[in-house]
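*Asks:* Below are the sequence and a predicted model; questions follow.
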Amino acid sequence: MAEQRIYSIKDLNRYIRMKLESDQVLSDVWIRGEISNFTHHSSGHMYFTLKDEGSRIRSIMFATHNQRLPFVPKEGTRVIARGNVSVYERDGQYQFYATQMQPDGVGSLYLAYEQLKQKLDIEGLFDSARKRNLPAHPTTIGVITSPTGAAVRDIITTLQRRYPQAGIVLYPVLVQGKGAAPAIVKAIEAMNRMQEVQVMIVGRGGGSLEELWAFNEEAVARAIFASGIPVISAVGHETDFTIADFVADLRAATPTAAAELAVPHQQELRDQLLQREHRLRNALRQRLETSRERLTRLRRSPVLLHPRRYMLQHAERMDMLHQRLIRAAGNRSRLNVEKNARMRQVLERFNPREQIRSARKQTDVAQRQLESAMRAITKTGRQQLHAGIRQLDALSPLKVMSRGYSLVYDEQEKRLIKSLKDVQPGDSIKIKVSDGQLDCQVWGMKEDAKHGGE
């Protein structure tokens, strides 16, 4: 008996996943079901269960695939989804990995329509304030529609009938099916790049909700919103409302109505021109009559009939005014002279000239008194100087020495000899007389009797 190979659970799940992913049917399959247990994770991934009357399957749609969904999945929504079936190895459960999903049936389409309409309305794409007026007399009209439908024939016929001088630029596109929305978006962008038209008509003839669905696509709505050229939407009939109708600058009930809104009728323009010409002629005629009547009244005016009479009145008035002007000027001048005289008198009272003269007199008197006092002081000082000189002369030793007295100094002439006690026999002394000096030596000493000496 051959030895049996034993697999781990992980290996078994991996083997099953490889088998499922290699199956041609399960690798790309469309399924229809109702959404339940729906969860939109913060990572952007959607987790839900698709079920029908007999069974259910766990499903997942990653964020990279669900970002462009034309609707928001909810509990109970019936959908048709495309994807593949594989196994989540950790739990060992097979599940459906959706890559595309769309509502199933008209009810679901209407739900997607309402959700997108609400979303774009919140973003302001339907705001009436941003809608632009159509040009009154466009020279070229752009038409974006199917080249083979009845709508393009109605539009071209109406434009040529109403305003044949306008040019038409037709951009053929698909108006239903999977490639319709991208084709319409591309056409709108191309028209804006070319800048050859002043207004665009985007539309098609009537049809079912599914056939008109391209005009409910978000991409088409945003292309119309971004267009620099005004857009007229003309989709279906009067009762058909698409997202494009709400975003467009003007909605037409039908393609024929869109052509009528895009251009004026040439006959209406002729009628307007005739009416304006008629009003202009009447206005000119009335103005001419009015001017003529005014000229007649002016000709009858007394001023023009007797101009000298009115000129004399004005000349008399001018003379009176001239005299009043001269009197007023004289009065004004006299008042100014009087005012200046009063001001001069006021200034004279405060003139500093007298004060300066008085101050100069006081200065001269003070200067003379100062010179007299200086001379008296000088004289007194000179007298005191002479008296002092006489006293000094009387007390001068030279004066005394001239009468026979002399001064005795030691040998160094630093000390005056006043007593016998200041010298010793044999000392050299110096004697100053009135006319010179004697160098002497002490040979003997004799004290006076009254002092008890020898």
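*Replies:* Here it is on my side, so go on.
*Asks:* contacting residues for Arg82?
*Replies:* Asp28, Val29, Trp30, Ala98, Thr99, Gln100, Met101 (CB atoms under 8 Å, 6 or more residues apart in numbering). Bear in mind the C-beta positions are built from the backbone N, C-alpha and C, glycine included.
*Asks:* Helix, strand or coil: sort out the third one for me.
*Replies:* Put plainly, it is Trp30. strand (DSSP: H, G, I helix; E, B strand; the rest coil).
*Asks:* from the contacts of Arg82, which would you call buried?
*Replies:* Ala98, Met101 (16 or more other CB atoms under 10 Å).
*Asks:* from the contacts of Arg82, which is closest to Ile122?
*Replies:* Nearest to Ile122 among the contacts of Arg82 is Met101, at 23.2 Å by CB to CB.
*Asks:* outside of the helix or strand harbouring that closest one, which residues touch it?
*Replies:* Using DSSP states H and E, Met101 falls within strand 93-103. Strand 93-103 has contacts (CB under 8 Å, 6+ apart) with 16, 20, 31, 50, 57-62, 65-66, 69-71, 73, 77-88, 108-109, 111-112.
*Asks:* Any idea which residue is closest to the centre of the protein?
*Replies:* Arg130 (25.8 Å; CA atoms, centre = their mean).
*Asks:* Quick check: can you list the domain ranges of this structure?
*Replies:* 9-104, 109-264, 405-441 (the TED database).
*Asks:* looking at those, which is closest to Asp319?
*Replies:* Of these, the one closest to Asp319 (CB to CB) turns out to be domain 109-264, at 65.7 Å.
*Asks:* all strands in the protein, in order from the N-terminus.
*Replies:* Applying DSSP state E to the chain gives strands spanning 29-40, 46-51, 56-61, 78-88, 93-103, 140-145, 167-172, 199-204, 231-235, 250-251, 407-409, 428-433, 436-441.
*Asks:* Can you list the strands that the second one pairs with?
*Replies:* Going back to what we said before, that points to strand 46-51. strand 29-40 (antiparallel), strand 56-61 (antiparallel) (DSSP bridges).
*Asks:* Highest mean neighbour count across those, which stretch is it?
*Replies:* Comparing the strands paired with strand 46-51 by mean neighbour count (mean count of other CB atoms under 10 Å), strand 56-61 ranks first with a mean of 18.
*Asks:* wait, what's in contact with Phe225?
*Replies:* With CB under 8 Å, 6+ apart, Phe225 has these contacts: Leu125, Val247.
*Asks:* what about it, distance to Glu114?
*Replies:* Distance of Phe225 to Glu114, computed by CB to CB, to the nearest Å: 19 Å.
*Asks:* what about the residue lying closest to Asn216 once chain neighbours are set aside, neighbour count?
*Replies:* Using CB to CB, 6 or more residues apart in numbering and skipping residues adjacent in sequence, the residue nearest Asn216 is Ile243, 4.7 Å away. As a burial measure, Ile243 scores 26 neighbours (other CB atoms under 10 Å).
*Asks:* and what of Thr158?
*Replies:* 20.
*Asks:* where in the stretch 1-150 of the chain is pLDDT low?
*Replies:* Within the stretch 1-150 of the chain, the stretches with pLDDT under 70 are 1-3, 105-108.
*Asks:* Also the stretch 151-300 of the chain?
*Replies:* 239.
*Asks:* mind listing the helices for it?
*Replies:* Using DSSP state H, counting those that start in this stretch, the helices of the stretch 151-300 of the chain run over 180-194, 218-226, 243-247, 255-262, 266-299.
*Asks:* Ser62 against Tyr47, yeah?
*Replies:* Not Ser; residue 62 is Phe. No: with contacts counted by CB atoms under 8 Å, Phe62 stays clear of Tyr47, the gap being 10.2 Å.
*Asks:* Relative to Lys414, how far out is Arg342?
*Replies:* Taking CB to CB, one finds Arg342 at 94 Å from Lys414.
*Asks:* Tell me how many other residues crowd the closest residue in space to Phe62 that isn't next to it in sequence.
*Replies:* Leaving aside its sequence neighbours, Phe62 sits nearest to His45 (CB to CB, 6+ apart; 5.2 Å). The number of residues packed near His45 is 15, by other CB under 10 Å.
*Asks:* Begin at 575, not 1, for the rest of this chat.
*Replies:* New numbering, starting at 575: the last item is His619.
*Asks:* List the contacts of His619.
*Replies:* By CB under 8 Å, 6+ apart, His619 lies in contact with Ile634, Met635, Phe636, Ala637, Asn640.
*Asks:* How about Asn640?
*Replies:* So Asn640 contacts Gly618, His619, Met620, Met675 (CB under 8 Å, 6+ apart).
*Asks:* now it: how far from Arg652?
*Replies:* 17 Å.
*Asks:* and if you look at Ile696?
*Replies:* Distance from Ile696 to Arg652, by CB to CB: 26 Å.
*Asks:* More neighbours: the two, which one.
*Replies:* The neighbour comparison of Ile696 against Arg652 (other CB under 10 Å) goes to Arg652, with 16 against 9.
*Asks:* Please look at the more buried one and Glu608 and confirm they touch.
*Replies:* Yes: the criterion here is CB under 8 Å, and Arg652 meets it with Glu608 at 5.1 Å.
*Asks:* What sits closest to the residue nearest to the centre of the chain if chain neighbours are left out?
*Replies:* With CB to CB, 6+ apart, the residue lying closest to Arg704 is Gly698, at 7.4 Å.
*Asks:* which one of the strands of the chain lies closest to Leu708?
*Replies:* Per CB to CB, nearest to Leu708 of these: strand 773-778, 5.5 Å.
*Asks:* re the thing from before, from memory the residue nearest to Asn790 sits against Glu688, does it?
*Replies:* No: using CB under 8 Å, Ile817 makes no contact with Glu688, being 10.2 Å away.
*Asks:* So for Arg964, which of the domains of the chain sits nearest?
*Replies:* domain 979-1015 (19.8 Å).
*Asks:* how about the helices of the stretch 875-1024 of the chain, start to end?
*Replies:* Using DSSP H, counting those that start in this stretch, helices in the stretch 875-1024 of the chain cover 876-879, 881-923, 927-968, 971-975.
*Asks:* Of the ones you listed, which is nearest Arg866?
*Replies:* Closest to Arg866 of the helices of the stretch 875-1024 of the chain, according to CB to CB: helix 876-879, at 16.2 Å.
*Asks:* and that closest one, C-alpha only, in PDB?
*Replies:* Extracted C-alpha coordinates of helix 876-879, given in PDB (Å, rounded to 0.1, in the frame of the first residue of the first chain):
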ATOM      1  CA  PRO A 876     -38.600 140.000 -28.000                       C
ATOM      2  CA  VAL A 877     -34.900 139.500 -27.300                       C
ATOM      3  CA  LEU A 878     -34.200 138.700 -30.900                       C
ATOM      4  CA  LEU A 879     -36.700 141.200 -32.300                       C
END
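*Asks:* ok, Leu847 to His711 distance?
*Replies:* Taking CB to CB, one finds Leu847 at 12 Å from His711.
*Asks:* same question, Ala755
*Replies:* Applying CB to CB to Ala755 and His711 gives a distance of 32 Å.
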